[in-house]
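Enquirer: Structure of the sequence below:
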Amino acid sequence: MTVAHGGVSVEPHGPGGRPAGAAYRIAPVLGPSSPLGGPDGRHWAEAGAAERAWLGGLPRFGGHLELRCTAGGSGRIRAALLARGAAAAPEQAAGVARALVGDALPPHVVAAPADLAEELNPLGTAPAVLDLYEIRKQLRQYRLAAPGAPRLTATVAVPLGPGGSWEPVWAELARQPVPTCLAVSLEPFALPAATIPLLGRFADVYSGLASSSTGSPVWGQARRGDPAAEAGQRFFEDALHRYQGRVFRLRMRLAAAGPIPPILPELIADLIGGEAVHLRADAQRARAWHDFSTLGLDPLPDSHRPAGAPDTEWTELEQQLVGLVDLDEATAALRLPYEFPGRTGRLFARLPQAPAPPTPPAPGDLPPLH
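Expert: This next block holds a predicted model:
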């Protein structure tokens with residue numbers, strides 16, 4: 001039976017202990033109290049720096065958080081932060097969920113507790129039409145030419161970039177006529193100790209294939225380095241350094257109760273240097289919808305691997321790397337709402353107003369003393 005513990009929903013025992021979930025409606029700070037500068041291009045950079053510091057201070061293990069931006073028909077975006085954690089005792093699980101949102105959100109955002117069940121179903125419990133996209137890193141494949149290569153291609157996942165302002169994405173999202181939600185999940189993560197030397201071995205194999213050869217002084221047959229192997233070497237050497245610090249697992253989904261115009265996922269992917277994948281297979285759609293409606297975070301699906309790649313060309317380690325991001329990549333993918341002072345038009349819905357306290361009766365209205 002689900003119980004409330006300090007505003008957090010704590011569920012019965014699960015595989016990782018007592019699962020707990022919390023939801024918060026969020027909105028940008030407006031007016032003179034906004035800490036952001038004017039519309040000169042600096043506001044989104046200032047917001048990004050504050051969000052990077054916030055993400056860097058989150059607990060390293062124990063659960064994940066998700067930002068949801070939902071629109072559809074109203075012209076405004078409803079933003080919410082959801083968190084899920086697990087621990088042995090109810091109060092510990094509730095503490096993990098609250099800590100994932102952070103003790104102090106960036107100063108350009110305000111928050112208020114929200115109903116978790118409502119925020120889990122922004123499209124309704126069973127939409128008649130469902131469209132789903134995944135936004136992931138770009139996968140680039142290079143044909144290996146080096147003789148004796150253990151595989152045909154080298155596949156690399158391009159790190160996400162900071163992009164620019166998210167306002168074009170939010171403006172397009174706000175224009176959607178049907179309920180549409182962008183969900184960005186981050187789970188603090190650490191690579192297992194055994195993975196680090198494995199990354200080094202991949203880099204060494206590609207390094208050997210990339211090396212040039214002078215050939216025989218008699219027969220010649222010199223061979224230049226293989227550019228495909230060089231790309232694989234750079235990818236694993238970068239991963240070896242990038243993912244030993246602050247690391248997260250990332251999932252980005254776009255879900256709608258109707259057809260999603262391709263321009264929206266393409267805008268998101270172009271902004272962060274990623275790629276939009278339309279989920280068409282029933283198994284992929286069912287899995288993505290289950291995670292979306294339960295705040296789950298299953299292992300990466302087939303949409304995060306090269307099309308048609310056999311198991312010999314794509315290992316579990318490479319699949320894992322596609323979904324990993326460092327702190328800079330995480331900040332690029334999960335952007336909290338911001339609006340600079342003086343902006344014409346509002347993109348985000350305001351927080352619901354708290355009910356006003358009852359007005360005390362005037363002295364003349366008091367009942368007589370007995």
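
Enquirer: any low-confidence regions in this structure?
Expert: Applying pLDDT under 70 to the chain picks out residues 1-8, 10-17, 31-42, 87-88, 93, 102-103, 212-224, 341-345, 354-370.

Enquirer: quick one: the strands in it?
Expert: Secondary structure of the chain, counting by DSSP state E: strands at 3-5, 8-10, 18-28, 63-71, 78-87, 109-114, 131-137, 139-143, 153-157, 180-189, 247-256, 274-278, 324-326.

Enquirer: Now tabulate those in a markdown table and tack on mean neighbour count.
Expert: For every residue, glycine as well, the C-beta is placed using N, CA and C. A markdown table is the format used below for those (neighbours: other CB atoms under 10 Å):
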| stretch | mean neighbour count |
| --- | --- |
| strand 3-5 | 14 |
| strand 8-10 | 23 |
| strand 18-28 | 24 |
| strand 63-71 | 24 |
| strand 78-87 | 23 |
| strand 109-114 | 17 |
| strand 131-137 | 22 |
| strand 139-143 | 16 |
| strand 153-157 | 22 |
| strand 180-189 | 22 |
| strand 247-256 | 24 |
| strand 274-278 | 20 |
| strand 324-326 | 21 |
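
Enquirer: export those to TSV and tack on distance to Pro352?
Expert: Below are these laid out as TSV (distance: least, CB to CB, whole Å):
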stretch	distance to Pro352
strand 3-5	19
strand 8-10	19
strand 18-28	7
strand 63-71	15
strand 78-87	10
strand 109-114	7
strand 131-137	29
strand 139-143	42
strand 153-157	40
strand 180-189	19
strand 247-256	23
strand 274-278	33
strand 324-326	32
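
Enquirer: wait, which of the ones you listed is closest to Gln233?
Expert: Among those, strand 153-157 comes nearest to Gln233, with 8.5 Å by CB to CB.

Enquirer: how about the helices in the protein?
Expert: Using DSSP state H, the helices of the chain run over residues 43-56, 90-101, 116-120, 167-174, 195-210, 227-242, 263-272, 282-294, 316-322, 327-333.

Enquirer: what's the closest of the ones you listed to Pro19?
Expert: Closest of the helices of the chain to Pro19 is helix 90-101, at 6.7 Å (criterion: CB to CB).

Enquirer: Please state the offset of the closest one from the chain centre?
Expert: Distance of helix 90-101 from its chain centroid, counting by CA atoms, centre = their mean, to the nearest Å, is 20 Å.

Enquirer: Show me what counts as buried in that helix.
Expert: 90, 92-101 (16 or more other CB atoms under 10 Å).

Enquirer: Next, format the helices of the chain as JSON lines and append distance to Pro28.
Expert: Below are the helices of the chain laid out as JSON lines (distance: least, CB to CB, whole Å):
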{"stretch": "helix 43-56", "distance to Pro28": "9"}
{"stretch": "helix 90-101", "distance to Pro28": "16"}
{"stretch": "helix 116-120", "distance to Pro28": "18"}
{"stretch": "helix 167-174", "distance to Pro28": "10"}
{"stretch": "helix 195-210", "distance to Pro28": "39"}
{"stretch": "helix 227-242", "distance to Pro28": "31"}
{"stretch": "helix 263-272", "distance to Pro28": "18"}
{"stretch": "helix 282-294", "distance to Pro28": "24"}
{"stretch": "helix 316-322", "distance to Pro28": "31"}
{"stretch": "helix 327-333", "distance to Pro28": "17"}
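
Enquirer: so which of the ones you listed gets nearest Ala149?
Expert: Nearest to Ala149, of all the helices of the chain, is helix 195-210, at 5.6 Å by CB to CB.

Enquirer: Can you give me the buried ones in the closest one?
Expert: For helix 195-210, by 16+ other CB under 10 Å, it's 195, 199, 202-203, 205-207, 209-210.

Enquirer: Could you single out the nearest of those to Ala146?
Expert: Among those, and counting by CB to CB, the member closest to Ala146 is Leu209, at 4.0 Å.

Enquirer: who touches the closest one in this structure?
Expert: With contact set as CB atoms under 8 Å, 6 or more residues apart in numbering, Leu209 has these partners: 144, 146, 148-149, 226, 229, 232.

Enquirer: Check the gap between the nearest residue to it once chain neighbours are set aside and Arg249 for me.
Expert: Excluding its sequence neighbours, the residue lying closest to Leu209 (CB to CB, 6 or more residues apart in numbering) is Ala229, at 3.6 Å. In this view, Ala229 and Arg249 are 28 Å apart by CB to CB, to the nearest Å.

Enquirer: check contacts around Leu351.
Expert: So Leu351 contacts 25-27, 110-112 (CB under 8 Å, 6+ apart).

Enquirer: Dump those residues into TSV; add distance to Phe292 as well.
Expert: Listed next are the contacts of Leu351 as TSV, based on distance: CB to CB, whole Å:
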residue	distance to Phe292
Arg25	18
Ile26	19
Ala27	22
Val110	26
Ala111	22
Ala112	23
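
Enquirer: Which of the strands of the chain sits closest to Ala288?
Expert: strand 131-137 (5.1 Å).
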